[in-house]
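Asker: need coordinates for the following:
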Amino acid sequence: IDPSLTADSSDADKFAAFAEGVIKGTIKNFHFVPQAGKMKICDFPYDLIAQTETTSQQISAVQEHTNTTQFEFPGSRSEAGYDSVATVHLAHEFYDKVKPEIMDQIYQYYKWDFVLMGYTKL
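Answerer: The predicted structure is shown next:
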């Protein structure tokens, strides 16, 4: 992707190269396509679309809605020492390394994910 990257390059620099590779089509993977098209939002009445930045809070809301609060949901990011503030901070750190023109292309590529799922532009 970026021949100047090495094992010693920062994770943020590696992420910037990865993001550029996805947008330019040099990295192709079903996981990185816009979710709005895969989720068929207009065809299926979702009650909730969870965002990974706030997984723990959203799991609690789902458990309250489904009357399952007596069960512990394993593997949340909070259990791993993350919280939504730390995750958002990490996202800013990584996206700050992405070139502005690539950020614009990312936004255009994922625009309907932003609009339909309530994400904000960094």
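Asker: which residue of this structure sits farthest from its center?
Answerer: What lies farthest from the middle of the chain is Gln70; by C-alpha atoms, centre = their mean that is 28.6 Å.
Asker: after the lowest-mean-pLDDT helix or strand in the chain comes which helix or strand?
Answerer: Within the chain, confidence by mean pLDDT, DSSP states H and E is lowest for helix 84-95 among all helices and strands, at a mean of 75. The C-terminal neighbour of helix 84-95 among helices and strands, as given by DSSP states H and E, is helix 100-109.
Asker: could you dump the one helix or strand Glu64 maps to to PDB, C-alpha only?
Answerer: Taking DSSP H and E as the criterion, Glu64 maps to helix 55-65. Taking C-alpha atoms only, helix 55-65 is exported to PDB below (Å, rounded to 0.1, in the frame of the first residue of the first chain):
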ATOM      1  CA  THR A  55     -21.400  -0.800  22.400                       C
ATOM      2  CA  SER A  56     -21.600  -1.100  26.100                       C
ATOM      3  CA  GLN A  57     -24.300   1.500  26.500                       C
ATOM      4  CA  GLN A  58     -26.200   0.100  23.600                       C
ATOM      5  CA  ILE A  59     -26.000  -3.400  24.900                       C
ATOM      6  CA  SER A  60     -27.600  -2.200  28.200                       C
ATOM      7  CA  ALA A  61     -30.400  -0.500  26.200                       C
ATOM      8  CA  VAL A  62     -31.100  -3.700  24.300                       C
ATOM      9  CA  GLN A  63     -31.100  -5.800  27.500                       C
ATOM     10  CA  GLU A  64     -33.500  -3.400  29.100                       C
ATOM     11  CA  HIS A  65     -35.800  -3.500  26.000                       C
END
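Asker: please identify the buried residues of it?
Answerer: For helix 55-65, the neighbour count (16 or more other C-beta atoms under 10 Å) marks 55, 58-59 as buried. Glycine gets a C-beta too; all of them are placed from N, C-alpha and C.
Asker: go on, stretch 5-13?
Answerer: Asp13.
Asker: quick one: average pLDDT of that stretch?
Answerer: In this model, stretch 5-13 has a mean pLDDT of 91.
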